[in-house]
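A.B. asks: Output the structure for:
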Amino acid sequence: MIKLTLILLLLIFAPIAGRQEPEIFHPLLVQHCLEQPGIKGKIEILTAQIPYYLRGDFDGDSHSDYAVAVRGPRTRRNGVLICTNRKKAFILGADNPTKPPFSDMPDDNFVAPHWQVYTKQETYALRLYRNGKLIPASAPKGETIAMIWEDGICLIYWDGTRFRWGCGQ
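C.D. replies: Numbers count the residues shown, from 1 in each chain. Predicted structure coming up:
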């Protein structure tokens, strides 16, 4: 009888006592990026974004990089964390204000409900224009992150010096 009582108590209370946030798998490069002193604690991953990360050669070095949908814990603004194969990390948006802001979206809050990786060829074929000028203005060195909304598309791309933002209208 005592054994039965102990088993019942374990079945009832074990799920309550062991309740934790579910662990999320991150690719190793993303995990290393999240542990960097300049990144750790400065962002939250947007796991509700599906997919919450993209893989592509964003800096054009022929190695896979990752883009992770994030939010700033202070401002609650969305952004993107780029983790390169060269162990460099870039926070675009979120709680990382820049002058001028990274994007032209209100409050620099630019993560779209749908995003994907475009090859250089797909980016060139897209032919976005703003005020008669081609977007991206300079040739992207790698693949492009496309933020896709119902009424438009914006691109995040590496120009050889920094990540840039461009939207067509």
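A.B. asks: looking at the protein, which helix or strand does the model trust least?
C.D. replies: Of the helices and strands making up the chain, the lowest-confidence element is helix 2-17, at a mean of 48, by mean pLDDT, DSSP states H and E.
A.B. asks: Next secondary structure after it?
C.D. replies: Note on helix 2-17: by DSSP states H and E, the next helix or strand toward the C-terminus is helix 28-34.
A.B. asks: give me phi/psi at the closest residue to Ser64 other than its chain neighbours?
C.D. replies: Leaving aside its chain neighbours, Ser64 sits nearest to Arg55 (5.2 Å; criterion: C-beta to C-beta, 6 or more residues apart in numbering). For the C-beta atoms, the positions are set from N, CA and C on the backbone; glycine is no exception. Per-residue torsions, Arg55: phi -120, psi 130 (degrees, to the nearest 10).
A.B. asks: how many neighbours does Arg55 have?
C.D. replies: As a burial measure, Arg55 scores 16 neighbours (other C-beta atoms under 10 Å).
A.B. asks: what do you get for Tyr118?
C.D. replies: So Tyr118, with other C-beta under 10 Å, has 19 neighbours.
A.B. asks: who are the neighbours in contact with the nearest residue to it once chain neighbours are set aside?
C.D. replies: Distances taken as C-beta to C-beta, 6+ apart place Thr144 nearest to Tyr118, at 4.4 Å, with adjacent residues excluded. Each residue near Thr144 by C-beta atoms under 8 Å, 6 or more residues apart in numbering is listed here: 58, 117-120, 122-123, 136, 155-157.
A.B. asks: Likewise for Ile91?
C.D. replies: Ile91 makes contact with 39, 42-43, 70, 79-81 under the criterion C-beta under 8 Å, 6+ apart.
A.B. asks: Go again with 6 Å.
C.D. replies: Contact partners of Ile91, counting by C-beta atoms under 6 Å, 6 or more residues apart in numbering, are Leu81.
A.B. asks: cool, and Ala69?
C.D. replies: 46, 49, 52, 111.
A.B. asks: In this protein, what residue spans correspond to strands?
C.D. replies: Here the chain has its strands, by DSSP state E, at 44-45, 53-56, 65-71, 78-83, 89-93, 114-118, 128-130, 133-135, 144-149, 152-158, 163-167.
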